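**Q** coords below, sequence missing:
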């Protein structure tokens, strides 16, 4: 697998609609205003070009223009969602952060990004998923630094970093800079066994689709495990390189009504977006060198020559082998 060239995309700021008001003490949204007419976006600051784009999106959706509705303003998003629930080791859970129309737009955007890959999407139409999550797309994979999409999701990375720092002050204090996006999909019954994301640090996870059981399993005296139900639109922040955790999608789990399973090309019922800081090329090579010598008794470059693998992909394989 070859790393795709980085493509910097000029992004046009999209307008924002006011956050949906909520009653004090209630998590339910007040009735949304009627959607704007297809010929014009409701936001007055729309340019002619963005208004045309909003209208095109409106025609394919039963909600207000999704491109305008996504809560890019982190301050408004946090005010609307209410206080976050604390998780072990400085993590946080923001319940119902994204409303259904926003979650639906984000899923569609991930599907669009997956199709920018040379050779087509990673997930083949009609393919199975098995019991483990499958990668749908990546931008600067956190371990290999490879990308399976050809367009940098600049605005989404910036949004994720701002939200991560707001939910987890430890990430801001550590100087974490979000430059990596990994999107995985799960089938009903799929799971990730208890693990830590070795080599990495803080990260932000956005849960879309079916409900999942998420376990926080901190180690040490007095550490109390915590089990939570992640629903579509929930966002979690945590120090996943240190906090042991596990994910399980119940076999009876059903995706919400807006979910379009066919868009993923497989029998997925849940999608997880993971935003974090990737290993640097130097860190990746140093870790790969140590693992190559421990596992095979030879250096990384020599192992790459013998196997015919490129160094980034080989480093990722060595990481999985070292964890087994």
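**A** In hand now; what should we look at? Bear in mind that the values here come from a model prediction, so they are computed numbers and not experimental data.
**Q** Need the distance between the two termini of stretch 292-309.
**A** 13 Å (CA to CA, to the nearest Å).
**Q** Ignore what I typed, I meant stretch 237-249.
**A** 19 Å.
**Q** chain center to that stretch, what's the gap?
**A** Once both centres are worked out by CA atoms, centre = their mean, to the nearest Å, stretch 237-249 turns out to sit 14 Å from its chain's centre.
**Q** next one: stretch 214-229
**A** Computed by CA atoms, centre = their mean, the chain-centroid distance of stretch 214-229 equals 22 Å.
**Q** With stretch 168-181 instead?
**A** Using CA atoms, centre = their mean, the mean C-alpha position of stretch 168-181 is found 15 Å from that of the whole chain.
**Q** and if you look at stretch 158-170?
**A** Relative to the centre of its chain, stretch 158-170 is centred 13 Å away, using CA atoms, centre = their mean.
**Q** Distance check, residue 217 against residue 194.
**A** 6 Å (CB to CB, to the nearest Å). (C-beta placed from N, C-alpha, C; glycine too.)
**Q** More neighbours: which of these two?
**A** residue 217 (17 against 11; other CB atoms under 10 Å).
**Q** Quick one: residues contacting that one.
**A** Listed by CB atoms under 8 Å, 6 or more residues apart in numbering, the contact partners of residue 217 are 194, 225, 243, 244, 245, 246.
**Q** Give me the nearest residue to it, chain neighbours excluded.
**A** Nearest residue to residue 217 in three dimensions, chain neighbours excluded: residue 244, at 4.1 Å (CB to CB, 6 or more residues apart in numbering).
**Q** What number of residues are in the vicinity of the nearest residue to residue 253 once chain neighbours are set aside?
**A** Closest residue to residue 253 apart from its sequence neighbours, by CB to CB, 6+ apart: residue 210 at 3.9 Å. The burial metric for residue 210, expressed as a neighbour count using other CB under 10 Å, is 24.
**Q** what does residue 283 give?
**A** For residue 283, the number of neighbouring residues by other CB under 10 Å comes to 14.
**Q** cool, residue 117 as well?
**A** Every residue meeting other CB under 10 Å relative to residue 117 is counted, giving 17.
**Q** quick one: it from residue 150, how far?
**A** Look at residue 117 and residue 150: by CB to CB, they are 6 Å apart.
**Q** Same question for residue 115.
**A** Distance check for residue 115 against residue 150: by CB to CB, it reads 9 Å.
**Q** tell me the secondary structure for the residue nearest the centre of the chain?
**A** Nearest to the mean C-alpha position of the chain, by CA atoms, centre = their mean, lies residue 273 at 1.3 Å. Of the three states, residue 273 takes strand under DSSP: H, G, I helix; E, B strand; the rest coil.
**Q** Ramachandran angles for the residue lying closest to it once chain neighbours are set aside?
**A** In this structure, residue 273 finds its nearest non-sequential neighbour in residue 206, 4.1 Å apart by CB to CB, 6+ apart. In terms of degrees, to the nearest 10, the main-chain angles of residue 206 are phi -110, psi 120.
**Q** show me what contacts residue 206?
**A** 97, 98, 106, 234, 235, 272, 273, 275.
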